[in-house]
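In: I need the structure of the sequence given here:
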Amino acid sequence: MTNTLTGVLCRFRKEVTAFMCDVKEMFHQFQVNKEHRNYIRFLWWLNGDVSRRLSDCQMNVHLFGATSSPGCSNFALKQIAKDYADEFVHDASDFIQNDFYVDDGLKSVSTEDEAIDLIMRTRKICERGRLHLHKIVSNSKNVMQSVPVDDRGKDLKELNLLQDTLPVEKALGVPVGNYDDQLRYKRWRTYQRIV
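Out: Residues are numbered from 1 along each chain as shown. Okay, here's the model as predicted:
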């Protein structure tokens, strides 16, 4: 159910205008069927009070760390994209189905206007499924200006887009220089450009 990491990363920098986004708390947005909740039981102290006896609890939603969570959540995310494909043009649905690695979407398109439009329509598809697309970053200041400040990546919220240089961001753990569009890898405590 999960797209390959290599495929998502390789397709990410095919075009000039790139952007990345994240589905907020994706695993917690999808409930586990009642008959399966016994498989994700755990012990915990009620109200976090460690002086009390441990209680037997179970999750109602998918959790980070469960082997099944990425597959189940990806299935649901892709189903939302299929369900609303006709309503929001197919390229937004295709982006969700092909260019997301678990909860992170990476895409590049030919123009800034195309990126702005695709981000807007993808956010609307996600909203229809009660998901929130946030942590949006781009190598384009114009694209970033179209994104509400609260939904920008952490390092871009306080950035003056008219004056400041865009920072190095990580695309699925791989540093990307937004100012020079270079993928980087860490070697001996310094970042080297991948040529």
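
In: When you work out contacts or count neighbours from here on, use the C-alpha atoms and nothing else.
Out: Fine.

In: Can you tell me the closest non-neighbouring residue to Phe64?
Out: Nearest non-adjacent residue to Phe64, counting by C-alpha to C-alpha, 6 or more residues apart in numbering: Phe27, 6.6 Å away.

In: Now do the helices in this protein.
Out: For the chain, the helices defined by DSSP state H cover 5-12, 69-83, 90-98, 112-128, 141-145.

In: Next one: Ser93 from Leu43, what distance?
Out: Applying C-alpha to C-alpha, to the nearest Å, the value for Ser93 to Leu43 is 39 Å.

In: And Leu131, by the same measure?
Out: From Leu131 across to Leu43, the span is 29 Å (C-alpha to C-alpha).

In: between these two, who's got more neighbours?
Out: Ranked by neighbour count (other C-alpha atoms under 10 Å), Leu131 and Leu43 place Leu131 first, with 19 against 11.

In: and Asp22, bridged to which residues?
Out: Asp104, His134 (DSSP bridges).

In: please renumber so the chain begins at 495
Out: Renumbered: residue one is now 495, and that last one reads Asp516.

In: What residues sit buried inside stretch 547-564?
Out: Met553, Asn554, Val555, His556, Leu557, Ser563, Pro564 (16 or more other C-alpha atoms under 10 Å).

In: ok, now stretch 588-598?
Out: So for stretch 588-598, counting by 16+ other C-alpha under 10 Å, buried means Asp588, Phe589, Ile590, Gln591, Asn592, Asp593, Phe594, Tyr595, Val596, Asp597, Asp598.

In: For Asn633, give its distance to Asp516.
Out: The gap separating Asn633 from Asp516 is 16 Å, by C-alpha to C-alpha.

In: Pick out whichever of these two has more residues nearby.
Out: Asn633 (24 against 21).

In: Run through this protein and note the low-pLDDT ranges.
Out: For the chain, applying pLDDT under 70 flags the ranges 650-689.

In: again, only using 80
Out: 495, 507, 558-560, 582-583, 649-689 (pLDDT under 80).

In: what about Ala531, how many neighbours?
Out: Not Ala; residue 531 is Arg. Arg531: 16 neighbours (other C-alpha under 10 Å).

In: My guess is it contacts Cys551. True?
Out: No - Arg531 lies out of contact with Cys551 (C-alpha atoms under 8 Å); the separation is 9.7 Å.

In: List the residues that contact Met520.
Out: Listed by C-alpha atoms under 8 Å, 6 or more residues apart in numbering, the contact set of Met520 reads Ser567, Asp597, Leu625.

In: Need the residues you listed in CSV (columns: distance to Lys618).
Out: Formatted as CSV, these follow (distance: C-alpha to C-alpha, whole Å):
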residue, distance to Lys618
Ser567, 18
Asp597, 16
Leu625, 9
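
In: Looking at these, which one is closest to Asp577?
Out: Closest to Asp577 out of the contacts of Met520 is Leu625 (14.0 Å), distances taken as C-alpha to C-alpha.

In: you'd agree that closest one is up against His522?
Out: No - contact criterion C-alpha under 8 Å: Leu625 and His522 do not qualify, at 10.2 Å.
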